[in-house]
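Novice: model this:
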Amino acid sequence: MQHLTLVTHPLVQHKLTIMRDRETSTAGFRRLLREISLLLAYEVTRELDLTTTRIETPLCPMDAPTIQGKKLALISILRAGNGLLDGILELIPAARVGFIGLYRDPETLQPVQYYSKVPANLDLRMVIVVDPMLATGNSSVAAIDLLKRAGAKNLRFLCLLAAPEGVARMREAHPDVPIFTAALDERLDDHGYIVPGLGDAGDRMFGTK
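Specialist: Coordinates of the predicted model:
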């Protein structure tokens, strides 16, 4: 799957294993998600364009590398996306931030939108969409549909776990959007949850399970 990048760094995999454990506390889950998002952010931003700027070091002038163009945009799919967002903002505090509110209808498994607020000039920015779980792919596809209508052209999707069904759905709908994830799990169950997965990321993060 050329559009899928698995982040196999040992620290990512170790932290993910602890997150999967049903005995991990809400506080522990939240902390680990924040930590793992920092590591994932390194991979998803690897292809940011660079230019140079003239600076003075304590010893001499030099042309030093700096990120080119508009500051990137982070788009959180509410509510669970905020767990990844917080960690990435520690690494990239100047990023512009947007939110898309979607929930999955339990009967149809289709996304229902209830909120959207995104930064301006998306056509000039790298846009990173964050959501811990890529399950059916319906919510992520709907979010990216919305962002493309708002002008976004350079998009990435970052998640903690993905199911083959969600990856296939994204590839079909948005083959130009690379996916970055820590693990590609086995399948979805009859309720649309990733197996073996880690349960509902939002419930585990906010203690509402």
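
Novice: Residue 3: what's it in contact with?
Specialist: Taking Cβ atoms under 8 Å, 6 or more residues apart in numbering, we find residue 3 in contact with 170-171, 175, 177-179. Bear in mind the C-beta positions are built from the backbone N, C-alpha and C, glycine included.

Novice: and these, which are buried?
Specialist: Burial by neighbour count, 16 or more other Cβ atoms under 10 Å: within the contacts of residue 3 this picks out 170-171, 177-179.

Novice: mind listing what's buried in whichever strand or helix holds residue 18?
Specialist: Using DSSP states H and E, residue 18 falls within helix 10-20. Neighbour counts over helix 10-20 (16+ other Cβ under 10 Å) mark 12, 15-16, 19-20 as buried.

Novice: Just give me the closest of the buried ones among the contacts of residue 3 to residue 129.
Specialist: Nearest to residue 129, judged by Cβ to Cβ, of those is residue 177 at 8.1 Å.

Novice: State the distance from that closest one to residue 64.
Specialist: In this view, residue 177 and residue 64 are 31 Å apart by Cβ to Cβ, to the nearest Å.

Novice: And the longest strand along the chain, what does it pack against?
Specialist: If you go by DSSP state E, the chain has its longest strand at strand 96-104. Other elements packing on strand 96-104 under the criterion 3 or more Cβ pairs under 8 Å, 6 or more residues apart in numbering; DSSP states H and E are strand 73-78, helix 81-91, strand 111-117, helix 138-149.

Novice: and the first one, how far out from the chain's middle?
Specialist: Looking back up the chat, that one is strand 73-78. The gap between where strand 73-78 is centred and where its chain is centred comes out at 8 Å by Cα atoms, centre = their mean, to the nearest Å.

Novice: For that strand, the averaged confidence score.
Specialist: In this model, strand 73-78 has a mean pLDDT of 94.

Novice: do stretch 103-120 as well
Specialist: Mean predicted confidence for stretch 103-120 is 84.

Novice: how long is it end to end?
Specialist: Stretch 103-120 stretches 24 Å from its first residue to its last (Cα to Cα, to the nearest Å).

Novice: just checking, what packs against the helix or strand of the chain with the lowest mean pLDDT?
Specialist: The weakest-scoring helix or strand in the chain, judged by mean pLDDT, DSSP states H and E, is helix 201-206 (a mean of 85). Judged by 3+ Cβ pairs under 8 Å, 6+ apart, helix 201-206 is in contact with helix 26-44.

Novice: Residues touching the next helix or strand after the helix it packs on, excluding its own?
Specialist: Once helix 26-44 ends, the next helix or strand along the chain (criterion: DSSP H and E) is strand 50-56. The contact list for strand 50-56 (Cβ under 8 Å, 6+ apart) reads 61-68.

Novice: Name every strand pairing with strand 50-56 and say which way it goes.
Specialist: Strands adjacent to strand 50-56 in the sheet, as given by DSSP bridges, are strand 61-67 (antiparallel).

Novice: Show me the contact partners of the strand it pairs with.
Specialist: Contacts of strand 61-67 (Cβ under 8 Å, 6+ apart): 48-55.

Novice: Kindly indicate which of the residues you listed lies nearest residue 83.
Specialist: residue 48 (22.8 Å).

Novice: what's the burial count for the closest residue to that closest one other than its chain neighbours?
Specialist: In space, and not counting its chain neighbours, residue 48 is closest to residue 67: 5.4 Å by Cβ to Cβ, 6 or more residues apart in numbering. Using other Cβ atoms under 10 Å, residue 67 is surrounded by 15 other residues.

Novice: Good, wrapping up.
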